[in-house]
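Student: Requesting a structural model of the entry that follows:
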Amino acid sequence: MVTLNETSPTAAPPYFSSYDYNYNDVPELCKKDEVKNFGSWFLPTCYSLVFLFGLAGNILVIVVLLKYKRLRSMTDIYLLNLAISDLFFVFALPFWSYFVADEWVFGNGLCKFFSWVYLTGFYSGIFFITLMSIDRYLAVVHVVFALKARTVSYGFLTSLIVWQVAMAASIPGLVFSESVSENNHIVCRPNYPRDDMTWKLFTPLEFNILGLLVPFAVMFYCYTRILKALWHCRNENKKKAVKMIFVVMIVFLLFWTPYNIVLFLQCLHDIHIIEGCQISTILDYAFQASQMLSFFHCCLNPVIYFFLGQKFKKYIQLLFKKNAFYRTLCKPWGLPDTFLSELTASSRTQSTSDEEAL
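Tutor: Numbering: from 1, shown residues only. Below you'll find the model as predicted:
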């Protein structure tokens, strides 16, 4: 039997499952065996799928950026760092998959490390999506200033700052995450001071503010100004570049907003504004479902680039053209050799114009 939680899952790592907590001083008992049984097969399956597709897709993005794009623009640098952020995000999923299926057997050090890696991947990902929105805003609205500001050097500098901020924001996960034994079952979870609600509330609020509210405010301002500037614009290349980044932003909001809402509701449950065994159980199911929705987001950016990127699909075709399996996999696409020659030449002389996104 599992007790009704004094606190719900707080921040965001996969191991923050509320049925793992046990507090003996809570008078009401709430059976959550069904929640735990559901999570024991649902979560590992989803984690495995996210890991496989996220790993393959984002490695492919990195290969294309390094081999063909050669990081000639600020946008390229941000796209590369976004792919690396997604890899950070999926890196620990095999460990979480084993944990939810059985228990945490990897020790206290790896518990802290993977908690920190997960949160760093999340924060850096949303920060780079925000930077990409600002990058498009400068390219479209402040064209003259963008010629000076949107350089490769500034791209590397702002990327370094973003990684430092993301790592700093993830410190609570590194400090408080511990491998502990509960009901003869080892779990990896945040272990806050028992009588101190400050950190229990700070962590989900930090996740909501830095992971959704502030980025959304910046993106909303940028794209409002961009749409206004492009209303009478006839530059189709620029519109296509903005369209791709805009879709990246919308997809992020659709996939991460439900998770942030659930975390906020769990925060209200922590301070007893909303209570009850039924509500707690519903939040557990909602946590698992919204978490999986958010996790699949890291698999979608490569798909968006493939269907909306101006040259990404062509680079993929060129990459497979040079592969030994080209005749089996790519020949049915009907890609002419003359086109490949032109594309190879263009990749060597490619400009870093404001209109190109990928």
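Student: Y223: how many residues sit nearby?
Tutor: 20 (other C-beta atoms under 10 Å). C-beta coordinates here come from the backbone N, C-alpha and C atoms, glycine included.
Student: correct me, but it touches M249?
Tutor: Yes. Assessed by C-beta atoms under 8 Å, Y223 is found in contact with M249 at 7.1 Å.
Student: is I186 in a bridge, and if so with what?
Tutor: S181 (DSSP bridges).
Student: Okay, helices next: where are they in the stretch 51-200 of the chain?
Tutor: For the stretch 51-200 of the chain, the helices defined by DSSP state H, counting those that start in this stretch occupy 74-91, 93-101, 107-141, 143-149, 152-169, 171-176, 198-208.
Student: Rebuild the ones you listed as JSON lines, extending it with mean neighbour count and distance to F53.
Tutor: Supplementary listing: the helices of the stretch 51-200 of the chain in JSON lines, determined by neighbours: other C-beta atoms under 10 Å; distance: least, C-beta to C-beta, whole Å:
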{"stretch": "helix 74-91", "mean neighbour count": "23", "distance to F53": "9"}
{"stretch": "helix 93-101", "mean neighbour count": "20", "distance to F53": "11"}
{"stretch": "helix 107-141", "mean neighbour count": "22", "distance to F53": "16"}
{"stretch": "helix 143-149", "mean neighbour count": "12", "distance to F53": "34"}
{"stretch": "helix 152-169", "mean neighbour count": "16", "distance to F53": "23"}
{"stretch": "helix 171-176", "mean neighbour count": "18", "distance to F53": "25"}
{"stretch": "helix 198-208", "mean neighbour count": "18", "distance to F53": "24"}
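Student: shared neighbours of Y223 and M249, anything?
Tutor: Residues within reach of Y223 and of M249 at once, by C-beta atoms under 8 Å, 6 or more residues apart in numbering, are S133.
Student: Model confidence for M292, exactly?
Tutor: In this model, M292 is scored at 86, pLDDT.
Student: check contacts around it.
Tutor: M292 neighbours (C-beta under 8 Å, 6+ apart): F42, L43, C46, V50.
Student: Using PDB, write out every CA atom in the helix or strand harbouring it.
Tutor: When elements are assigned from DSSP states H and E, M292 belongs to helix 277-295. The C-alpha atoms that make up helix 277-295 are tabulated as PDB, following Å, rounded to 0.1, in the frame of the first residue of the first chain:
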ATOM      1  CA  CYS A 277      -7.000  10.700  -3.000                       C
ATOM      2  CA  GLN A 278      -8.900  10.900  -6.200                       C
ATOM      3  CA  ILE A 279      -7.300  14.200  -7.200                       C
ATOM      4  CA  SER A 280      -3.900  12.800  -6.300                       C
ATOM      5  CA  THR A 281      -4.500   9.700  -8.500                       C
ATOM      6  CA  ILE A 282      -5.700  11.800 -11.400                       C
ATOM      7  CA  LEU A 283      -2.700  14.000 -11.200                       C
ATOM      8  CA  ASP A 284      -0.400  10.900 -11.200                       C
ATOM      9  CA  TYR A 285      -2.000   9.700 -14.500                       C
ATOM     10  CA  ALA A 286      -1.900  13.200 -15.900                       C
ATOM     11  CA  PHE A 287       1.700  13.500 -14.900                       C
ATOM     12  CA  GLN A 288       2.600  10.300 -16.800                       C
ATOM     13  CA  ALA A 289       0.600  11.200 -19.900                       C
ATOM     14  CA  SER A 290       1.800  14.800 -20.200                       C
ATOM     15  CA  GLN A 291       5.400  13.800 -19.400                       C
ATOM     16  CA  MET A 292       5.400  11.400 -22.400                       C
ATOM     17  CA  LEU A 293       3.800  14.000 -24.600                       C
ATOM     18  CA  SER A 294       6.600  16.400 -23.700                       C
ATOM     19  CA  PHE A 295       9.300  13.800 -24.100                       C
END
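Student: For it, buried residues please.
Tutor: 279-281, 283-288, 290-295 (16 or more other C-beta atoms under 10 Å).
Student: the inter-axis angle of it versus helix 74-91?
Tutor: With axes from the mean of the first three to the mean of the last three C-alpha atoms, to 10 degrees as the basis, helix 277-295 and helix 74-91 are set at 130 degrees to each other.
Student: Just confirm R72 contacts T151, I think it does.
Tutor: No. Counting by C-beta under 8 Å, R72 sits too far from T151 to count as a contact (10.6 Å).
Student: what sits in contact with each of the two?
Tutor: With C-beta under 8 Å, 6+ apart, R72 and T151 have no common neighbours.
Student: My guess is L43 contacts L93. True?
Tutor: No. Using C-beta under 8 Å as the test, L43 is too far from L93 to be in contact (9.8 Å).
Student: which stretches of this protein have low pLDDT?
Tutor: For the chain, residues meeting the criterion pLDDT under 70 lie at 1-29, 232-241, 245, 306-310, 322-358.
Student: switch the cut-off to 80
Tutor: Counting by pLDDT under 80, the low-confidence segments of the chain come to 1-40, 69-70, 183, 194-197, 230-246, 248-249, 252, 270-272, 275-276, 301-358.
Student: okay, now F42: neighbour count?
Tutor: 15.
Student: quick one, phi psi at it?
Tutor: F42 adopts backbone torsions of phi -70, psi -50, taken as degrees, to the nearest 10.
Student: and it, how far is that from D102?
Tutor: 15 Å (C-beta to C-beta, to the nearest Å).
Student: related to what we said a few turns ago, moving C-terminal from the helix holding M292, which element do we reach first?
Tutor: Following helix 277-295 in sequence, per DSSP H and E, is helix 297-308.
Student: the inter-axis angle of that next one versus helix 74-91?
Tutor: Using the same axes, to 10 degrees: helix 297-308 against helix 74-91 is 140 degrees.
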